[in-house]
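# Provide a 3D model corresponding to the input given below.
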Amino acid sequence: MNRLTRLMGVAAIVACGATGPVAAQATTETAIFAGGCFWCVEADFDKVPGVISTTSGYTGGTVANPTYEQVSSERTGHAEAVQIVFDPATVSYEKLLDYFWRTIDPTTKDRQFCDAGSPYRTAIFAGNPAQLKTAQASRAALEKSKPFKQPIVTEIVVAGAFYPAEEYHQDYYKKNPLRYQYYRSSCGRDARLKELWGGKATP
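Residues are numbered from 1 along each chain as shown. The predicted structure is shown next:
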């Protein structure tokens, strides 16, 4: 995850009269995906060219500023999710969706791999009508092309408030590489992805 401050926009007026040119403004966009353990989702998306930053957090629930313990108790309705800031000039939202599908098991409800419960559900939280339409189209296309027989149960919902998780969860795979790799392997995440997607599994 890149925690360096990024310049979100640049505007420069060139002094050459009233009709002088204005420099184009650089922009970023944000996506929010839930794919089970947010340590793994964060690690996967940090590998994507065009992704500027990833933040683990909680969304989709009813309690403001929830703690990890509250979310894990399944009393808040939140899912573990990752907020992804990306450069649309390098990677499109559509491409991120395609990548997302192949990093999750979209056939299981309220579970991902060894983690069970509603906080581990898979979901796409659309930030605007365009993202909602693109996500729905992506799921519809996947239903036709998927390499497995089970139905897709991943939710597509309008995004609400996103609450960053505690600092020790951020960049967990970098801070605790051995523990992270042991968890990911013992949880069977990559083995299940290969079973579902074959050579199309990512990363």
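
# so where's the chain uncertain?
Residues of the chain that meet the criterion pLDDT under 70 lie in 1-26.

# now with 80, please.
1-26, 203 (pLDDT under 80).

# tell me the centre residue of it?
Phe33 (3.2 Å; Cα atoms, centre = their mean).

# who's in contact with that residue?
41, 45, 81-82, 84, 96, 100, 123-125 (Cβ atoms under 8 Å, 6 or more residues apart in numbering). For every residue, glycine as well, the C-beta is placed using N, CA and C.

# for it, list each beta-bridge partner.
Val82, Ile124 (DSSP bridges).

# now the longest helix anywhere in the chain: buried residues?
When the chain is parsed with DSSP state H, its longest helix is helix 129-145. Using 16 or more other Cβ atoms under 10 Å as the burial criterion, the residues of helix 129-145 that qualify are 131-132, 134-135, 138-139, 142.

# that older thread, filter the contacts of Phe33 down to the buried ones, ChimeraX style.
Burial among the contacts of Phe33 is assessed by 16+ other Cβ under 10 Å; the matching ChimeraX selection reads:
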select :41,45,81,82,84,96,100,123,124,125
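
# got TSV for the contacts of Phe33, with distance to Thr107 too?
Formatted as TSV, the entries for the contacts of Phe33 read as follows, by distance: Cβ to Cβ, whole Å:
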residue	distance to Thr107
Val41	17
Phe45	21
Ala81	19
Val82	20
Ile84	23
Leu96	20
Phe100	14
Ala123	14
Ile124	15
Phe125	20
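
# Thr202: which of the contacts of Phe33 is nearest?
Phe100 (9.2 Å; Cβ to Cβ).

# which SSE is the closest one in?
If you go by DSSP states H and E, Phe100 is part of helix 93-101.

# next helix or strand past that helix?
Downstream of helix 93-101, the first helix or strand assigned by DSSP H and E is strand 111-112.

# tell me the strands beside whichever helix or strand comes after that next one, with direction?
As assigned by DSSP H and E, the chain's next helix or strand after strand 111-112 is strand 115-116. Strand pairing for strand 115-116, determined by DSSP bridges: strand 111-112 (antiparallel).

# which outside residues touch the strand it pairs with?
Applying Cβ under 8 Å, 6+ apart, the set of residues contacting strand 111-112 is 35-37, 104-105, 117, 120-122, 189.

# one more time with 7 Å, if that's ok
For strand 111-112, the external contacting residues (Cβ atoms under 7 Å, 6 or more residues apart in numbering) are 35-37, 104-105, 120, 122.

# what about the residues you listed, which are in strands?
Within those, residues falling in strands by DSSP state E are 35, 122.

# which one among the contacts of strand 111-112 gets closest to Thr62?
Using Cβ to Cβ, the contacts of strand 111-112 come closest to Thr62 at Tyr120, 17.7 Å.

# ok, that closest one to Ala126 distance?
Noted for Tyr120: a distance of 20 Å to Ala126, by Cβ to Cβ, to the nearest Å.

# repeat that for Tyr163.
18 Å.

# before we move on, back to that, as a markdown table, the buried residues of helix 129-145 with distance to Pro88 would be great.
Putting the buried residues of helix 129-145 into a markdown table (distance: Cβ to Cβ, whole Å) gives the following:
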| residue | distance to Pro88 |
| --- | --- |
| Gln131 | 11 |
| Leu132 | 16 |
| Thr134 | 12 |
| Ala135 | 15 |
| Ser138 | 16 |
| Arg139 | 20 |
| Leu142 | 21 |
